[in-house]
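[1] Okay, here's the prediction I keep looking at, along with the sequence it came from:
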Amino acid sequence: MPEGDTVWQAARRLHDALAGKVLTRSDLRVPKYATVDLTGRTVLDVTPRGKHLLTRIEGGLTLHSHLRMDGSWKVYANDQRWTGGPAHQIRVILGTHDRTAVGYRLPVLDLLRTTDEQRAVGHLGPDLLGPDWDPERALANLLTNPARPLGEALLDQRNLAGIGNVYKSELCFLLGATPWLPVGALPADRAAKLPGLAKRLLETNRDRPVRSTTGRRGQDLFVYGRAPRPCLRCGTPVRAADQGDGSRERPTYWCPTCQTGPAPAPGPPPTHRIRPRTTR
């Protein structure tokens, strides 16, 4: 699933292509909005909120979308061939005099009154890349359930918005804790650093085409996707296992030497496919 920095990049591309321009083409290919016509309206802005995208349109309307696992927004010049997938996967087309934005495989697409945006994003915690960022509130949210595994707490967008599976694994490594350590057992000094560290990672990467948490060229991530290769810090083979509640398990990576806390017994690695971040 795209993480906060990737969604921020998508919002910037859409904003640059659409904001301040009048829509000359509008096609919402979901049954609920099949008869909606937005042509003639000006796109005001495109704003990210955690992993959500809010495209605000003249007349008090907001097109809310979420990429989930496979969704994407592509922007094309009007003479450019569309390459985001087959036509039957297109869920929305927004065109102007010089650019066309095409939403592929969007599992969430809602047209709301702008005044009702909270219905879509009001449940989210502080946004790591947003104007509402509040590190003290984010930490308090994480510690509300001290018995919850750290990795699960970080993925819960109600605590803080923008962290996905990659940053979950990388943050746990940088904090020296396994993703299964109860969040309340994280030493106080490391817990205090967590919100600021998470924000720095996402801010550093929101303008990069290739995400990096290490600062090392060619070795972009400390643990995510690296099992069973050696840990970049100590040389111990990185391990991998699924983490979740059974209904939404995610591949999780950690170093058994550099990170302390509970962890699953060694077993076969997760079979999930790791997808590189899409930046176009």
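    Everything's here; your move.
[2] My guess is L14 contacts S72. True?
    No: L14 is beyond contact range of S72, at 11.3 Å (criterion: Cβ atoms under 8 Å). C-beta: built from backbone N, CA, C; applies to glycine.
[3] now the farthest one out in this protein, which residue is it?
    G40 (31.5 Å; Cα atoms, centre = their mean).
[4] check contacts around it.
    Counting by Cβ atoms under 8 Å, 6 or more residues apart in numbering, G40 touches V22, L23.
[5] which intervals of this protein have sub-threshold pLDDT?
    Low-confidence segments of the chain (pLDDT under 70): 1, 245-247, 267-280.
[6] Strands of that one, start to end?
    Assigned strands in the chain, in chain order: 25-28, 43-49, 52-57, 61-66, 72-77, 90-95, 99-104, 108-113, 239-243, 250-254 (criterion: DSSP state E).
[7] buried residues in the shortest one?
    Residues of strand 25-28 classed as buried: S26, D27, L28 (neighbour count, 16 or more other Cβ atoms under 10 Å).
[8] So the last one is in contact with V36, correct?
    I take that to be L28. Yes: in this structure, L28 is within contact of V36 by Cβ under 8 Å, at 5.3 Å.
[9] Identify the contacts common to the two.
    When contacts are counted by Cβ under 8 Å, 6+ apart, the set common to L28 and V36 consists of L111.
[10] Surely K168 touches T178?
    No: counting by Cβ under 8 Å, K168 stays clear of T178, with 11.5 Å between them.
[11] Name the residues contacting each of the two.
    Overlap of the contact sets of K168 and T178 (by Cβ under 8 Å, 6+ apart) is empty.
[12] so who does the spatially most central residue of the chain touch?
    In the chain, the residue lying closest to the centroid (Cα atoms, centre = their mean) is E3, at 1.8 Å. Neighbouring residues of E3 by Cβ under 8 Å, 6+ apart: K51, G162, I163, G164, N165, V166, Y167, L202.
[13] Counting neighbours, what do you get for R216?
    Applying other Cβ atoms under 10 Å, we find 11 residues neighbouring R216.
[14] Wait, it touches R233, no?
    No: under the criterion of Cβ under 8 Å, R216 makes no contact with R233, lying 11.1 Å away.
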